[in-house]
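Participant: Sequence and predicted structure are below.
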Amino acid sequence: MRHRTTARLPVIVSLCLAAGLAACGDDSAAPPAAPGPSIEFVNVFQPVDLTPDGSMAVMQDLGGDVYFYHTATDVLEFKTNVGDPGRTRATRVSGNGVLTAFHGDPTHAGFWTERGGWTDLFSPFPVGCFTGVGEDTGSAWDVSANGQIIVGLAWDGCGVAAFRWDATGSGVMTLLERIGGTSSPDRAPDNRASVVSDDGTMAAGWAETSLAYRSPAAWRADGTGFLLPGPQDLAGEVFAISPDGKTLGGLWGQNAFYWSEATGTVDIGRLPDAGEIDPAWVGAIAADSKLMFGVCGLPFWGTPRAFVWTAAGGMRLLADVVTAAGVTIPEGYTLTNVLSASADGKIVLGQATTADFHTVSFVLKLPVSAYGL
């Protein structure tokens, strides 16, 4: 039996801007003032996603337990277990609490709701990928804000195809156009839909081509897809999408990039002091595509560092912006990644390492003016 006692919940460390008790959420202030800039470090290993309004963050621990963290109250709630953490993981959350995941063992494209628990989506393929414990059939990677559209991959044998599942229609998995190419005429190119816009109009991820094992790709709501224009001989993929689906961001070659129909593909590079092999990628897009967050660096070859990008300021260390806004980051802590941001950019979810090299989640609250907007 699972115990949901306070003692087993991870510890939260809150660090508020020294601007009075009301700014730190003290209940004695009446009426309460708007919370000031702050950062909270939460002793849960893996940040997962934020709801579009930033009111709730999802985090997963090393045992596969999934928590909902309420950003207004700093309350952390155990919700469910996704399965064997070596084989499964939570991926995204909708505005109404629909959680997507690689679920079960063998793994399936699954989603969880408070009311219904786990539901696994049936694959359209007769055979999945055998892993020694059974046939993996798929994985769910993202969900629209209303919880109705889910995207991900379905295993076609041990090849993969991108899918879209629509709860408002037939409630079945629909395969997206298989785009790209391979060096072999005997198989279809691998595709994966990794993200979907909040409004469900656009999905994106990667497609295999004859020149690169992954190339940034996107799919419209009608299922048709296209490769993004850019250096097709370099590997890349889309990790982030704006709420309206008009801007995509990710990694291409070693550099972070974004794309929109208006701008085309824009290379935003890496941090100025990045090492020779340090890649950078966009992990979140917010504030009408004026804010982009991500990471530069690899955990096995150094210390990855979270960044923020704006058109005026370029790519900057997120930690520098945080400290300039008056928020103290404890000595020895490093902000290493950003996984998600609220649609307005005021709340950011990421990962950090502590002075004793533990990996934790962080929730950052900053007005967008702190970024120069």
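Facilitator: Right, received. Where do you want to start?
Participant: doesn't Val321 fall inside a helix?
Facilitator: Yes: checked against DSSP: H, G, I helix; E, B strand; the rest coil, Val321 lies within a helix.
Participant: Now do the same contact list for it.
Facilitator: Going by CB atoms under 8 Å, 6 or more residues apart in numbering, Val321 touches 308, 366, 370-371. Placement of C-beta: from N, CA and C, glycine included.
Participant: Same check on Ala324?
Facilitator: In this structure, Ala324 makes contact with Ala370, judged by CB under 8 Å, 6+ apart.
Participant: Now the phi/psi pair for it, please.
Facilitator: phi -70, psi -30 (degrees, to the nearest 10).
Participant: what about the helices in this protein?
Facilitator: Applying DSSP state H to the chain gives helices spanning 318-324.
Participant: in it, which helix or strand is least confident?
Facilitator: Ranked by mean pLDDT, DSSP states H and E, the weakest helix or strand in the chain is strand 12-16, scoring a mean of 38.
Participant: Output the below-cut-off pLDDT ranges for the stretch 51-200 of the chain.
Facilitator: Low-confidence segments of the stretch 51-200 of the chain (pLDDT under 70): 170.
Participant: quick revisit: which of the contacts of Val321 sits closest to Cys296?
Facilitator: Proximity of the contacts of Val321 to Cys296 (CB to CB) peaks at Val308, which lies at 11.2 Å.
Participant: For Gly314, see how far away that closest one is.
Facilitator: Plainly put, Val308 is 10 Å away from Gly314 if you go by CB to CB, to the nearest Å.
Participant: can you check Phe130 too?
Facilitator: As judged by CB to CB, Phe130 and Gly314 stand 47 Å apart.
Participant: again, but for Ser94
Facilitator: Taking CB to CB, one finds Ser94 at 33 Å from Gly314.
Participant: Look at the two and report which has more neighbours.
Facilitator: Remark: of Ser94 and Gly314, Ser94 carries more neighbours, 23 against 13, as counted by other CB atoms under 10 Å.
Participant: Verify the contact between the more buried one and Gly147 for me.
Facilitator: Yes: with contacts counted by CB atoms under 8 Å, Ser94 reaches Gly147, the gap being 3.8 Å.
Participant: you'd agree Gln148 is up against Thr168?
Facilitator: Yes: taking CB under 8 Å as the definition, Gln148 is a contact partner of Thr168 at 5.1 Å.
Participant: Neighbour count for the two, which is higher?
Facilitator: Ranked by neighbour count (other CB under 10 Å), Gln148 and Thr168 place Gln148 first, with 17 against 9.
Participant: ok, and the closest non-adjacent residue to that one?
Facilitator: Take Gln148 and drop its neighbours on the chain: the residue closest to it by CB to CB, 6 or more residues apart in numbering is Ala167, 4.6 Å away.
Participant: ok, now Gly97?
Facilitator: Distances taken as CB to CB, 6+ apart place Glu114 nearest to Gly97, at 5.9 Å, with adjacent residues excluded.
Participant: Burial check on that neighbour, number of neighbours?
Facilitator: By other CB under 10 Å, the residues close to Glu114 number 12.
Participant: Glu276 now?
Facilitator: Other residues within reach of Glu276, judged by other CB under 10 Å, total 6.
Participant: now the residue nearest to Gln148: how far from Gly147?
Facilitator: Separation of Ala167 from Gly147 (CB to CB) stands at 7 Å.
Participant: sorry, back to before: where's the residue nearest to Gln148 relative to Gly95, distance?
Facilitator: Distance, Ala167 to Gly95, by CB to CB: 14 Å.
Participant: got it, and Leu175?
Facilitator: Leu175 is 26 Å from Gly95, where distance means CB to CB.
Participant: Kind regards, and thank you for your time.
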